[in-house]
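**Q** here is a sequence together with a model predicted from it:
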Amino acid sequence: MRIRRLVVAATAALGLVTLPATPALAANIVINPGFESGLTGWTCAAGAQAVTSPVHGGAKALQATPAGGDLARCQQTINVKPSSAYTLSAWVRGNYVFLGATGTGVNATTWGSPGATWNKLTTSFTTGANTTSVTIHVNSWYGQGTYQADDVVLDGPPGDGGPGDDTTPPTVPTGLTVGGATPSSLNVSWSASTDDSGTVARYEVSRDGGAPSAVTTTSTTVHGLSPATSYRFKVRACDGSGNCSAYTTEAEGTTKPGEPGVGLPKRVMVGYLHSSFANGSGYIRMSDVPAAWDVINLAFGEPTSVTSGDIRFSLCPVGECPNVESEADFIAAIKAKQAAGKKVLISIGGQNGQVQLTTTAARDKFVQSVGAIIDRYGLDGLDIDFEGHSLYLNQGDTNLAAPTTPVIVNLIAALKSLKARYGAKFVLTMAPETFFVQLGYQFYGPGASGAADNRSASYLPVIHAMRDDLTLLHVQDYNSGPIMGLDNQYHTMGGHDFHVALTDMLLAGFPIMGNANNRFPALRQDQVAIGLPAAPWAGNGFTTVAEVQKAFDCLAKGTNCGSYQPRGVYPNLRGLMTWSINWDRYNSTEFSRNHRAYLDALG
């Protein structure tokens with residue numbers, strides 16, 4: 001959080017090759033690969049169609065346009081042979097196009113940005129010993145406009161019961177139920193279908209009558225929902241020959257209300273208070289913190305050693321901060337702020353506070369010591385500001401929902417323990433740098449080759465695991481290198497487009513490392529605030545008042561947008577965070593005066 005530089009060097013390798021049109025390979029086992037028979041053999045999102053122009057080969061091609069939360073996917077399930085090699089390719093046009101295949105032990109994907117010219121995407125895979133079918137797909141991404149695809153090839157040996165052999169669909173799934181409600185997710189489950197070929201290749205789940213999403217299990221958790229809102233779901237079963245059952249009768253579920261016990265206003269301002277140190281901006285007593293701040297983060301609680309998990313906090317020494325108050329006055333002032341509706345949290349980490357919970361003993365010590373700080377000062381919760389080398393991902397730890405790296409697993413367990421201990425009123429916030437979050441669009445941990453920085457996007461599994469207990473995520477939109485947004489363009493700090501692009505990624509969700517089958521789901525709007533330096537001296541990437549409010553207008557109202565167009569309008573975007581309250585006062589309270597008035601006027 002303190003001033004530091006972090007430069008992100010990223011190289012996008014799209015693997016696009018421009019070649020003259022060639023006929024499909026003789027070994028192609030795709031049904032209707034050139035869409036000459038319309039969409040026969042394909043399951044496509046609403047609005048997809050076969051068009052006569054533009055085409056790559058033959059007389060027709062697929063054309064589809066993403067809309068809302070839909071990726072405009074077309075897919076086909078194909079019987080394959082176990083333990084066999086396959087090459088998947090397609091010719092595509094458009095801003096952003098994915099091609100991939102999934103199945104038991106198969107998860108192959110590639111993507112590109114070919115624009116207005118036809119380009120070939122290619123990926124390959126080998127089926128496992130028990131793989132009898134795969135589902136191939138082509139799709140775009142949110143807000144990326146219309147794309148085309150043509151001459152899809154799956155080159156490899158056909159499986160048993162190949163195309164045309166089976167025309168009987170599976171039975172309709174039974175026992176559809178919707179439950180497991182949280183403020184932002186619902187669990188949908190059903191009983192397995194049967195098929196005369198013995199294989200149900202996938203189930204397709206439709207929400208509120210929209211385009212279906214394919215899963216291979218008999219349950220799925222749907223994320224990114226709004227609190228206290230009802231949703232309708234229906235499911236059908238499809239076999240390896242592309243036959244699908246009728247949909248079930250719809251079942252309804254309602255998400256829980258969001259954080260009723262936290263008690264924060266609709267629009268919040270979060271500020272860090274230099275409570276344990278001085279750095280030239282001047283010490284501010286708790287009682288003198290202006291009323292503009294809704295959440296006051298005490299900076300910082302730090303560990304006795306990097307791996308101890310033993311977090312300590314004490315007020316700034318008198319020699320460093322001559323006007324520091326007594327601990328008794330500090331605690332009394334905290335109670336006064338809370339009586340006025342403010343929340344006061346202990347922030348753990350910062351630039352100098354490296355915290356690595358490498359063992360369960362460190363995890364347990366973290367819970368005990370952080371709880372002791374919260375209890376001693378009567379605090380409302382915890383802010384996680386892990387920086388540097390606190391978090392990282394081990395080689396092979398690629399499952400967002402089931403991480404295995406100890407520092408990640410132990411932190412998640414510790415946060416869940418603290419949340420359970422303090423209940424619904426516990427405020428949990430996080431302040432990661434862009435390197436640890438939005439960089440995940442390109443990099444996640446060390447990557448397949450092990451050559452990438454293992455810290456890349458390492459906050460994502462923590463955020464994902466705690467998303468139903470997370471009060472606020474305010475990524476530090478400063479001290480950052482260029483970051484690629486969902487428009488596949490690099491954005492640099494200091495202007496409104498940077499904040500719009502990076503906030504949009506949190507509110508729309510994004511594919512990790514470009515893999516559409518491994519998405520970081522969208523957060524709720526009320527969980528997200530924009531993190532900023534309060535003054536030019538507070539951090540690299542200072543953004544003027546006018547540019548900040550232009551960004552907020554674009555995100556919350558859909559007006560004042562620049563070159564970057566967000567995937568939606570987010571009227572419930574929560575507010576702003578800054579480093580720091582001290583630097584804001586040093587800068588004549590420019591940040592708090594202007595932005596408090598702006599947020600209050602939004603309502």
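**A** In hand now; what should we look at? What you are looking at is a predicted structure, and each value in this text was computed from that prediction instead of being measured.

**Q** quick one: the worst-scoring helix or strand of the chain on mean pLDDT to chain centroid distance?
**A** Ranked by mean pLDDT, DSSP states H and E, the weakest helix or strand in the chain is strand 213-215, scoring a mean of 77. Relative to its parent chain, strand 213-215 has a centroid offset of 19 Å by Cα atoms, centre = their mean, to the nearest Å.

**Q** show residues contacting it.
**A** Strand 213-215 is contacted from outside by 43, 75, 102, 135, 202-206, 220, 238, using Cβ atoms under 8 Å, 6 or more residues apart in numbering. Where you see a C-beta, it was placed from the backbone N, CA and C, and this is true even at glycine.

**Q** low-confidence ranges in the stretch 251-400 of the chain?
**A** When residues are selected by pLDDT under 70, those of the stretch 251-400 of the chain lie in 258-261.

**Q** coming back round to it: quick one: which of the contacts of strand 213-215 is nearest Thr398?
**A** Here the nearest of those to Thr398, counting by Cβ to Cβ, is Thr102; it sits at 14.6 Å.

**Q** list the buried residues in the longest strand seen in the chain.
**A** Using DSSP state E, we find that the single longest strand of the chain is strand 115-126. Going by neighbour count (16 or more other Cβ atoms under 10 Å), the buried part of strand 115-126 is 118-121, 123, 125.

**Q** please enumerate the helices of the protein.
**A** Using DSSP state H, the helices of the chain run over 327-339, 360-377, 406-422, 460-465, 496-508, 545-557, 581-586, 590-602.

**Q** the ones you listed: which one's closest to Asn488?
**A** The nearest among the helices of the chain, by Cβ to Cβ, is helix 496-508 at 10.7 Å.

**Q** pLDDT averaged over that closest one - what is it?
**A** Confidence over helix 496-508 (mean pLDDT, whole number) is 97.

**Q** and for it, what are the contacting residues?
**A** 142-143, 434, 437-438, 441, 473, 475, 477, 483, 485-487, 489, 491-492, 522-523, 525, 528, 530, 532, 541, 543, 547-548, 550-551, 554-555, 560-564, 566-568, 570, 573.

**Q** which two among the contacts of strand 213-215 are spaced furthest apart?
**A** Thr102 and Ser206 (18.6 Å).

**Q** about what we covered before: tell me which residues in the least confident helix or strand of the chain are buried?
**A** 213-214.

**Q** returning to that earlier point: for the helices of the chain, which one sits closest to Trp111?
**A** Using Cβ to Cβ, these put helix 496-508 closest to Trp111, at 16.3 Å.

**Q** pLDDT wise, what is Thr127 at?
**A** pLDDT, read off for Thr127, is 93.

**Q** tally of neighbours for it?
**A** Per other Cβ atoms under 10 Å, the neighbour tally for Thr127 reads 24.

**Q** what residues are up against it?
**A** Neighbour list for Thr127: 80-84, 86, 103, 105-106, 134 [criterion: Cβ under 8 Å, 6+ apart].

**Q** now with 7 Å, please.
**A** If you count contacts by Cβ atoms under 7 Å, 6 or more residues apart in numbering, Thr127 has them with 80-84, 86, 106.

**Q** so which of those residues sit within strands?
**A** Filtering the contacts of Thr127 for membership in strands, criterion DSSP E, returns 86, 106.

**Q** endpoints of stretch 559-566, how far apart?
**A** Criterion Cα to Cα, to the nearest Å; first-to-last residue distance in stretch 559-566 is 11 Å.

**Q** neighbouring contacts of it?
**A** Stretch 559-566 has contacts (Cβ under 7 Å, 6+ apart) with 143, 485, 487, 496-497, 500-501, 504, 550, 553-555.

**Q** Leu264 contacts Asp294, correct?
**A** Yes: under the criterion of Cβ atoms under 7 Å, Leu264 makes contact with Asp294 at 6.0 Å.

**Q** okay, and the common contacts of the two?
**A** Shared contacts of Leu264 and Asp294, defined by Cβ under 7 Å, 6+ apart, comprise Lys343.

**Q** can I assume Asp397 is in contact with Thr405?
**A** Yes: between Asp397 and Thr405 there is a contact at 4.9 Å, judged by Cβ under 7 Å.

**Q** what's the neighbour count on Val80?
**A** That count, for Val80 with other Cβ under 10 Å as the rule, works out to 25.

**Q** please apply the same query to Ile78.
**A** Neighbour number of Ile78 under other Cβ under 10 Å is 26.

**Q** compare Thr102 and Ser206 (neighbour count), which wins?
**A** Thr102 (22 against 17).

**Q** my guess is the more buried one contacts Asn515. True?
**A** No: contact criterion Cβ under 7 Å: Thr102 and Asn515 do not qualify, at 10.5 Å.

**Q** let me see the confidence value for the residue nearest to Pro432 when sequence neighbours are not counted.
**A** Using Cβ to Cβ, 6 or more residues apart in numbering and skipping the chain neighbours, the partner closest in space to Pro432 is Tyr459 (4.2 Å). Each residue has a pLDDT score; the one for Tyr459 is 98.

**Q** same deal with the one 5 residues further on?
**A** Predicted confidence (pLDDT) for His464: 97.

**Q** how about the one 5 residues further on?
**A** Model confidence at Asp469, given as pLDDT, is 94.

**Q** identify the residues contacting it.
**A** By Cβ under 7 Å, 6+ apart, the neighbours of Asp469 are 419, 428.

**Q** mean confidence (pLDDT) on stretch 558-568, please.
**A** Averaged over stretch 558-568, pLDDT sits at 93.

**Q** skipping its backbone neighbours, what lies nearest Pro536 in space?
**A** Phe542 (4.5 Å).

**Q** with Arg524 instead?
**A** Leaving out its chain neighbours, the residue that sits closest to Arg524 by Cβ to Cβ, 6+ apart is Ser184, at 5.2 Å.

**Q** what sits against the one you found?
**A** Counting by Cβ under 7 Å, 6+ apart, the residues that Ser184 touches are 223-225, 227, 255, 467-468, 524.

**Q** now flag whichever of the residues you listed is closest to Ala372.
**A** Proximity of the contacts of Ser184 to Ala372 (Cβ to Cβ) peaks at Asp468, which lies at 25.9 Å.

**Q** I'd say that closest one and Leu186 touch.
**A** No: between Asp468 and Leu186 there is no contact under Cβ under 7 Å: 11.4 Å.

**Q** give me the more crowded residue out of these two.
**A** Leu186 (24 against 19).

**Q** report the separation between the residue nearest to Pro406 when sequence neighbours are not counted and Asn243.
**A** Closest residue to Pro406 apart from its sequence neighbours, by Cβ to Cβ, 6+ apart: Thr358 at 5.4 Å. According to Cβ to Cβ, to the nearest Å, Thr358 and Asn243 sit 51 Å apart.

**Q** so for those two, which sits in the more crowded spot?
**A** In this view Thr358 and Asn243 are compared by other Cβ under 10 Å, and Asn243 has more residues nearby, 18 against 15.

**Q** what are the phi and psi values at that one?
**A** Dihedral pair for Asn243: phi -90, psi 130, per degrees, to the nearest 10.

**Q** how about the nearest residue to it, chain neighbours excluded?
**A** Leaving aside its chain neighbours, Asn243 sits nearest to Pro169 (3.9 Å; criterion: Cβ to Cβ, 6+ apart).

**Q** quick check: that neighbour touching Ser245?
**A** Yes: at 4.7 Å, Pro169 and Ser245 qualify as touching, with contact defined as Cβ under 7 Å.

**Q** quick check, central residue of the chain?
**A** In the chain, the centroid-proximal residue (Cα atoms, centre = their mean) is Phe520; its distance is 3.2 Å.

**Q** what about it, distance to Leu391?
**A** Distance from Phe520 to Leu391, by Cβ to Cβ: 15 Å.
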